[in-house]
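[1] Show me the folded form of this:
(chains A and B)
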Amino acid sequence: MKKLAYYPGCSLTGTGRAYDESLRAVFAALGEPLEELDDWNCCGATSYMSIDKAKAYALASRNLALAEREEADLLTPCNACYLVLEKTRRHLADSAEMGQRVQHALDAVGLRYEGKVRIRHPLEILTRQIGVERIKEAVKEPLKGLKIAPYYGCQVVRPYATFDDQYHPQTMDQLLKATGAKVVDYPFKTRCCGASQTGTLPKVGLHLVYRLLKEAQARGADIMAVICSLCQFNLDVYQGKLRREYDLPPIPILYFPQILGLALGIPADELGIDRCVVSARPVLERRAAHAA
Amino acid sequence: MRPNIRTEADRSPEFAHWITSLPGAEKIRECMHCGLCSASCPLFAYMDYSPRQLMYLGREGFRDDVLGSFTIWLCTSCYQCTVECPRQIPVTEIMYALKRRAIEEKTYPRRLAIPVLAREFRRMVSDRGRISESWLVMRLMLKTGIHRMFGMAGLGWNLLRTGRFSLRRETIRDRSDLARMLEAVGRDSEVVP
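    Take a look at the predicted model:
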């Protein structure tokens, strides 16, 4: 098995740190501790690509070159990072002109990229490489009675669906089911959360958030599971603001490894459970009381 | 106010040529106006031109309509249009190119915070190699109106309370390497010389 270099991305060092904490804890508990890519840089996200294409590709490709030097593939949890790195990998392979331009930039700092790095997602590694069966066996505290809406967001399945179905992704569903929880049917699995429009144009962005939350509740979910730090941020921190306009009971938004971690018996404070603005404690305690 | 009737005088052949020369965008000429891009767009209801209209106006060379449109700034890059298009038009990538050109030519609607965010984001990444979210948001608010800060007090408190607000400046070790790399790429321009 090829070495994996963990690429957390900027959000996971800031507002999305619970994703980082829980992911590291889960992989360690499964005997596959994460090793961070040395001196990784920002992928550029959507913003850099909106200003300068060649520099955006060069920026992202530095991470590919660093991983190639370590003879590793990149393990990338954030949706935006995942897409940017995957798009860069493909574009450098397809466009000789851009490939040369980027290599020229890498030459300036003694790096090389020859196209050997694959971009992997934790959902892919957990379901395909580690395997759902192994995770099922490692479950110590089954989450029986917990009803979860699985929300994948956009960029992990669009425009490329590399390891899951583009319209009906299943990998997170499989992992959540392995914990003993119930996964509700959620038709907005891959609908946009509004991305940065929640901040730049809130009167538009927040309505997209509202629809996602409301639908999850209408489907009977106690919590939502997410895989992207921007999705988590949007769905979690704006609920108070939305409640001023809409009838919207609180619904906690957890990263999927936080839920996996709970089932694996990892203490809640090692999983960043209390980093949710809408506390997950009441739902989790109610479930535990019910199951007892 | 935009005049109701466009005329031939409003066309820019250069713009039509530019947009259809973007990678994959020659397929705009094959657009059959099925409207799946618009129908699948989660921001469609808020746009001045639908994605379908924007692609059409672009290929016909109506530069000012396209580059002044809100549509390109409402696009969140969710790629729904791209995967739905039966002609494989890379709509989202074309939106990116339109953003780049609108920023370069300064034709974006002035009161929008989105291009400002993109510029501040680039500045921080080019300088430090990583984004420190708290600093980025504060810079954005300084540039687009300090009044926004007041509405954010509750949000800021919630992030502080949950340990998600950090004033640490994230940075990479090889900052000078990154600067040299970006320098070596050279200047990129969407505008045809």
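[2] count of neighbours near residue B:37?
    Using other CB atoms under 10 Å in any protein chain shown, residue B:37 has 26 neighbouring residues. The way it works is simple: take the backbone N, C-alpha and C, and place the C-beta from them, glycine included.
[3] quick one: it from residue B:56, how far?
    11 Å (CB to CB, to the nearest Å).
[4] try residue A:55
    The value you get for residue A:55 to residue B:56, if CB to CB is used, is 31 Å.
[5] higher neighbour count, these two?
    Using other CB under 10 Å, the more surrounded residue of residue A:55 and residue B:56 is residue A:55, with 26 against 16.
[6] Tell me the buried residues in the host helix or strand of that one?
    Per DSSP states H and E: residue A:55 is located in helix A:53-69. Residues A:53-69 are the ones in helix A:53-69 that count as buried (16 or more other CB atoms under 10 Å in any protein chain shown).
[7] Residue ranges in the stretch 151-292 of chain A under the pLDDT threshold?
    For the stretch 151-292 of chain A, no stretch is flagged by pLDDT under 70.
[8] Please give me every residue in contact with residue 190.
    As the question left the chain open, I've gone with chain A. A:152-154, A:157-158, A:166-167, A:169 (CB atoms under 8 Å, 6 or more residues apart in numbering or on different chains).
[9] my bad, the chain I had in mind was chain B
    Counting by CB under 8 Å, 6+ apart, residue B:190 makes contact with B:18, B:97, B:100-101, B:104.
[10] and with 7 Å instead?
    Neighbouring residues of residue B:190 by CB atoms under 7 Å, 6 or more residues apart in numbering or on different chains: B:97, B:100-101, B:104.
[11] got it, and residue A:271?
    Contacts of residue A:271 were listed using CB under 7 Å, 6+ apart, and they are A:21-22, A:25, A:258, A:261-262.
[12] switch to 10 Å and redo it
    The contact partners of residue A:271, by CB atoms under 10 Å, 6 or more residues apart in numbering or on different chains, come to A:18, A:21-26, A:254-255, A:257-262, A:264, A:280.
[13] domains for chain B, by residue range?
    With domains defined by automatic domain parsing, chain B comprises B:8-104, B:114-165.
[14] Quick one: closest of those to residue A:238.
    Nearest of the domains of chain B to residue A:238, taken as CB to CB: domain B:114-165 at 7.9 Å.
[15] can you give me how far the closest one is from the chain middle?
    The chain centre lies 18 Å from the centre of domain B:114-165; the measure is CA atoms, centre = their mean, to the nearest Å.
[16] where do the helices sit along chain B?
    Remark: helices assigned in chain B by DSSP state H are B:13-21, B:36-40, B:51-59, B:63-67, B:71-74, B:80-84, B:91-104, B:114-128, B:133-144, B:148-151, B:153-161, B:175-185.
[17] Same check on chain A?
    Under the criterion DSSP H, chain A contains helices at A:17-29, A:45-49, A:53-69, A:79-94, A:96-107, A:122-124, A:132-138, A:171-178, A:197-200, A:202-218, A:229-237, A:239-243, A:256-263, A:281-291.
[18] need those helices in TSV with distance to chain B, can you?
    Converted to TSV, the helices of chain A look like this (distance: least, CB to the nearest CB, whole Å):
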stretch	distance to chain B
helix A:17-29	6
helix A:45-49	4
helix A:53-69	4
helix A:79-94	8
helix A:96-107	4
helix A:122-124	18
helix A:132-138	27
helix A:171-178	18
helix A:197-200	4
helix A:202-218	5
helix A:229-237	6
helix A:239-243	7
helix A:256-263	13
helix A:281-291	12
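[19] just to revisit the earlier point, most packed of the domains of chain B?
    Highest mean neighbour count of the domains of chain B: domain B:8-104, a mean of 19 (counted as mean count of other CB atoms under 10 Å in any protein chain shown).
[20] Can you confirm whether it lies near chain A?
    Yes: using CB under 10 Å from any CB of the partner chain, domain B:8-104 reaches chain A at B:23, B:40-43, B:45-47, B:70, B:72-84, B:90-93, B:95-100, B:102-104.
[21] Could I get the contacting residues of the spatially closest residue to residue A:75 that is not a sequence neighbour?
    In space, and not counting its chain neighbours, residue A:75 is closest to residue A:4: 4.4 Å by CB to CB, 6 or more residues apart in numbering or on different chains. Residues in contact with residue A:4 (CB under 10 Å, 6+ apart) are A:27, A:32, A:34-35, A:37, A:67, A:70, A:72-76, A:118, A:120, A:122, A:125, A:129.
[22] Strands - which of these land there?
    The members of these that map onto strands under DSSP state E are A:72-75, A:120.
[23] could you redo the domains of chain B as a markdown table and give each row mean pLDDT?
    Rendered in a markdown table, the data for these read as follows (pLDDT from 0 to 100):
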| stretch | mean pLDDT |
| --- | --- |
| domain B:8-104 | 97 |
| domain B:114-165 | 87 |
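[24] mind putting these in TSV, distance to residue A:273 included?
    Formatted as TSV, the domains of chain B follow (distance: least, CB to CB, whole Å):
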stretch	distance to residue A:273
domain B:8-104	29
domain B:114-165	10
